[in-house]
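[1] need the 3D shape of this:
(one chain, ligands or ions: 1)
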Amino acid sequence: MELKEEIILLTPEGKRSDGRRWDELRPIRMRVGVLKRADGSALVEMGNTKVLAAVYGPRESHPRHLLPPDRAILRVAYRMATFSVEERKKPQPSRREIELSKVIKEALEPALYLEEFPRTAIDVYTLVLQADGGTRTASINAASLALADAGIPMKGLVTAVAVGRIGDQIIVDLNDLEDKYGDADMPIAMVPVTGEITLLQMDGTMPPDLFEEALKVAKRALEIIYNEQKKALRERYLRIKDEVLGEEK
Ligand code: ADP
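    Residues are numbered from 1 along each chain as shown. As a prediction, this is how the structure comes out:
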C-alpha cells in the first residue's frame, strides 16, 4: 500500500506551511522603471512569486480603422516563463494564460481614462518569472505600476491580493500549496482610491459569514500592498529627479 504524505496547511498553533500567521502577507518587493525600452515597467515580488510587467503606448496600431474612434484599446498578455514552474512549462500560450490575460485586462480597465487617447493601443505584458501562487494578483499589481510609470492617466492604482480558507480559518496571500490544497481561493482586485472592486473570483467554497470576513481581511491586506505600490512609485520619481539634477550639474 502506498503511503500518502499528509500536507499540513495549518498547524494547531496557527502556523501556515511557510511559517506565516493567517493574516500575514509574504515579503513584498516592488521596483518601478526596470526596463529601458518600455514606456513603463515594474517588477513585483510577493514572496516567491515574481512578475515583470511592461507597458508600451499609447501607440498607433494597424489597421487603424479597427481602433475605436473615441478611446484607446487596452491589450493585455499574461505569460508564464518556461522556467517559472518546477516542471518546464511549454512556451505556447496555454488556455489558462489566455483566460488570465482577459481577467487581468478587465481588472485594470476600469481604472484607466482610455478616452484620452482615441485610436491608439496600450499594450501590457506581464511575465511570470517565478510562480508560487497568486500570479494573477501579482501581475495586476505590477501592471498597474507599469501603467502609472508609462504616464497613463488613471483614477488610481489597481491593487490585488488573494484570500482563502483552510477549514474555518481565513488566510491571506495564498502560496501555491494553499492555492492547490486549501478549501477556497478568492483573488480580489480593487482601485483603493474609489473603492471599486474590479476582480472577484473564487475557487472552492466559502460560507456566507466567512465570505464577509474574507472581504474585510482582503481590504486590510490591499491597504498594505497599496502603500508599497505608492512607495515604489515615489522611489522611481526620486531616482528620476536625481538623474535630472545630476545632468544639470
Ligand atoms: P494564480 O497564480 O493567479 O493563483 P492559478 O490559481 O491558476 O492562478 O494557479 C495557482 C498556482 O499554480 C500558480 O501561481 C502556480 O504556482 C501554479 N501553476 C500554474 N500553472 C502552472 C503550470 N503550468 N505548472 C506548474 N504550476 C503551475
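
[2] quick check: beta-bridge partners of Ala184?
    Beta bridges link Ala184 to Arg165, Gly204 when assigned by DSSP bridges.

[3] what is the neighbour count of it?
    By other Cβ atoms under 10 Å, the residues close to Ala184 number 22. Every residue, glycine included, has its C-beta placed from N, CA and C.

[4] dump the residue contacts of it.
    When contacts are counted by Cβ atoms under 8 Å, 6 or more residues apart in numbering, Ala184 touches 164-165, 202-206, 214.

[5] may I ask which two of those residues are separated the most?
    Looking at the contacts of Ala184 by Cβ to Cβ, the two members farthest from one another are Asp203 and Ala214, with 12.9 Å of separation.

[6] neighbour count winner among the two?
    Neighbours per residue (other Cβ under 10 Å) separate Asp203 from Ala214, with Ala214 holding more: 22 against 14.

[7] of the contacts of Ala184, closest to Met46?
    Proximity of these to Met46 (Cβ to Cβ) peaks at Gly164, which lies at 14.1 Å.

[8] same for the helix or strand Ala221 falls within, what does it pack against?
    Under the assignment given by DSSP states H and E, the secondary-structure element containing Ala221 is helix 208-248. Helices and strands touching helix 208-248, as assessed by 3 or more Cβ pairs under 8 Å, 6 or more residues apart in numbering; DSSP states H and E, comprise strand 28-32, helix 135-149, strand 159-166, strand 169-172, strand 184-191.

[9] can you list the buried residues in stretch 186-193?
    By 16 or more other Cβ atoms under 10 Å, the buried positions in stretch 186-193 come out as 186-192.

[10] turn those into a markdown table, columns for distance to Met80 and pLDDT.
    Compiled in a markdown table, these are given as follows (distance: Cβ to Cβ, whole Å; pLDDT from 0 to 100):
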| residue | distance to Met80 | pLDDT |
| --- | --- | --- |
| Met186 | 21 | 98 |
| Pro187 | 16 | 98 |
| Ile188 | 21 | 98 |
| Ala189 | 19 | 98 |
| Met190 | 24 | 98 |
| Val191 | 26 | 98 |
| Pro192 | 27 | 98 |
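
[11] identify the residue nearest Leu129 in space, chain neighbours excluded?
    Taking Cβ to Cβ, 6 or more residues apart in numbering as the measure, Leu129 lies nearest to Lys50, with 4.4 Å between them; neighbours along the chain are not counted.

[12] show me what contacts the one you found?
    43-44, 128-130, 138.

[13] just checking, it is part of a strand?
    Yes. Residue state for Lys50 (DSSP: H, G, I helix; E, B strand; the rest coil) corresponds to a strand.

[14] use 21 as the first number from now on
    Okay, residue one is now 21; in that scheme the one you just asked about reads as Lys70.

[15] of the helices and strands packed on helix 228-268, which is nearest the ligand?
    The closest of these to the ligand is helix 155-169. By Cβ to the nearest ligand atom, the value is 3.2 Å.
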